[in-house]
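*Asks:* Sequence and predicted structure are below.
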Amino acid sequence: MPFITQNSYGQIEIISFEEAWARNEERKRHRKAAFDGEYLTVYVGSSFTYDIEAERIQSPQAALDWVHQLSQKTWAWEDPQIMEDFLEVLFETIPTSYWSGCV
């Protein structure tokens with residue numbers, strides 16, 4: 001099944017499912033946040049990490065609090081990729097039921 005995507009130059013491309021999957025996996029390897037089961041880690045520059053224990057993100061309110069806390073860090077708004085990757089990892093990590101109010 002082909003996928004339609006837009007490259008970084010704004011051009012439309014038609015690629016295979018396998019290519020789309022490979023690109024997504026490659027992008028994940030280079031993002032500025034990750035979850036290892038114990039910590040959600042934000043990579044700030046090449047020598048600093050900001051670690052959040054998973055047990056501290058156990059409710060929608062706590063997750064929103066962390067979004068707010070990170071958004072107040074100078075390094076987070078100076079590099080928009082940090083917040084984008086943090087939110088992506090947060091949404092991948094937190095069960096969908098948190099966001100739907102079914103907790």
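*Replies:* That came through, no problem.

*Asks:* all helices of this protein, in order?
*Replies:* Using DSSP state H, the helices assigned to the chain run over residues 17-29, 60-71, 74-78, 80-93, 96-100.

*Asks:* What separation do you get for Ser8 and Asp85?
*Replies:* 17 Å (CB to CB, to the nearest Å). In short, each C-beta sits where N, CA and C put it, glycine included.

*Asks:* One more: Gln11?
*Replies:* Counting by CB to CB, the gap from Gln11 to Asp85 is 24 Å.

*Asks:* go on, Asp36?
*Replies:* Distance from Asp36 to Asp85, by CB to CB: 15 Å.

*Asks:* Of the two, give the one with the bigger neighbour count.
*Replies:* Between Asp36 and Asp85, counted using other CB atoms under 10 Å, the more crowded position is Asp85 (20 against 9).
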